[in-house]
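Peer 1: Here is a sequence with its predicted model. Questions after.
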Amino acid sequence: MSEVLKEYQKMQERFKLPQLDRLQSVFQFELEECCNIDGIRDEISDRLFDFTERVIEPLIWSMHNCHMIERDMLSHGEAAEIFEMYKKIQALRWKNNLLSIRPDPEGTAQWIKEMWEFWRNFEGRAAGLCTKFSKGWETLSFRETTMDYQA
């Protein structure tokens, strides 16, 4: 049994962490690439933060015309919900940054637990957004309106 697996199993029991094979399946990483529990944290954080930069941040900050169109596909409540998720992601990001400069196995285990709890809700919501935007783009149409100019 590898050292990383032994270390994770100890932390799993103590901190009530998810099964390692479940984490590997959801976050798509190989255990061989991780040399310790911090490596597992790095693999997990890469997946979340990559998605955040590619999908969530453009929706919030509307950096391109397509993002503004997608933002218009959201209700006010959905936009507020996305921002609330983003705040949680940013809190996780900064905790992750701290653990990168000050490694702490117990802090890492707590981060994994917190991330897993967040992901269980986030995954379904993110998938719903992807479906919503896919359908929204398929049915998108622009109305032509005549402009009245006042002299």
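Peer 2: Sure thing, it's come through. Predicted model, so just to flag it, every value in this text is computed and none were measured. Residues are numbered from 1 along each chain as shown.
Peer 1: hey, let's count contacts and neighbours off CA atoms from now on
Peer 2: Fine.
Peer 1: Where is the longest helix in this protein?
Peer 2: In terms of residue count, the longest helix belonging to the chain (DSSP state H) is helix 105-139.
Peer 1: tell me which element the residue nearest the centre of the chain falls in.
Peer 2: Geometric centre of the chain, nearest residue: Leu48, 3.5 Å, by C-alpha atoms, centre = their mean. Secondary structure from DSSP states H and E places Leu48 in helix 37-51.
Peer 1: separation between the nearest residue to Cys34 once chain neighbours are set aside and Phe49?
Peer 2: Leaving aside its sequence neighbours, Cys34 sits nearest to Ile40 (C-alpha to C-alpha, 6 or more residues apart in numbering; 5.9 Å). Ile40 is 14 Å from Phe49, where distance means C-alpha to C-alpha, to the nearest Å.
Peer 1: and Asp72, how many neighbours?
Peer 2: Neighbour count for Asp72, taken as other C-alpha atoms under 10 Å: 12.
Peer 1: which stretches of this structure aren't confidently modelled?
Peer 2: 1, 147, 149-151 (pLDDT under 70).
Peer 1: if you set the cut-off to 50 instead, what comes out?
Peer 2: For the chain, no stretch is flagged by pLDDT under 50.
Peer 1: buried ones in the helix holding Leu48?
Peer 2: Neighbour-count burial for helix 37-51, counted by 16 or more other C-alpha atoms under 10 Å, picks out Ile37, Asp38, Gly39, Ile40, Arg41, Glu43, Ile44, Ser45, Leu48, Phe49.
Peer 1: cool, stretch 7-17 as well?
Peer 2: For stretch 7-17, the neighbour count (16+ other C-alpha under 10 Å) marks Tyr8, Gln9, Met11, Gln12, Leu17 as buried.
Peer 1: No further queries at this time; thank you.
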